[in-house]
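*Asks:* what would the 3D arrangement of this be:
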Amino acid sequence: MSGITGGEGDTETQIRNIFERIKNILEETGSSMDKVINATVYLTDLNDRQKYFNTIWKEYFPENPPTRTCVEAGLAPPTKVEVTIIATITEEKY
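*Replies:* Down below sits the predicted model:
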């Protein structure tokens, strides 16, 4: 899944929206958050990683979190965060 954004709102709201979108898409395709193996996170302000992102990340990945790379990037407003993930799915679904 690539280019997942959180729509309007402050940074924390966007991050929460992104994770909910990812969770819903994964469940619709026969996967789940525990099947995420890698994430690339683009933030307009890398300080938001410590301020917001890490706490929310731990809520969705409380144990054995996937590998993650965080990058500061210029994103088109109002986007403050964008996430790309790799997850496994079951073959029966496709």
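*Asks:* centroid residue for the chain?
*Replies:* V83 (4.5 Å; CA atoms, centre = their mean).
*Asks:* mind listing the strands the host helix or strand of it pairs with, and their directions?
*Replies:* V83 belongs to strand 81-87 when elements are defined using DSSP states H and E. Using DSSP bridges, the strands paired with strand 81-87 in its sheet are strand 4-5 (antiparallel), strand 36-43 (antiparallel).
*Asks:* what's the model's confidence in the first one, averaged?
*Replies:* What that stands for is strand 4-5. Strand 4-5 carries an average pLDDT of 96.
*Asks:* show me how far it is from its chain's centre.
*Replies:* 7 Å (CA atoms, centre = their mean, to the nearest Å).
*Asks:* quick one: name whatever helix or strand follows that strand.
*Replies:* Criterion used, DSSP H and E; the element after strand 4-5 is helix 11-28.
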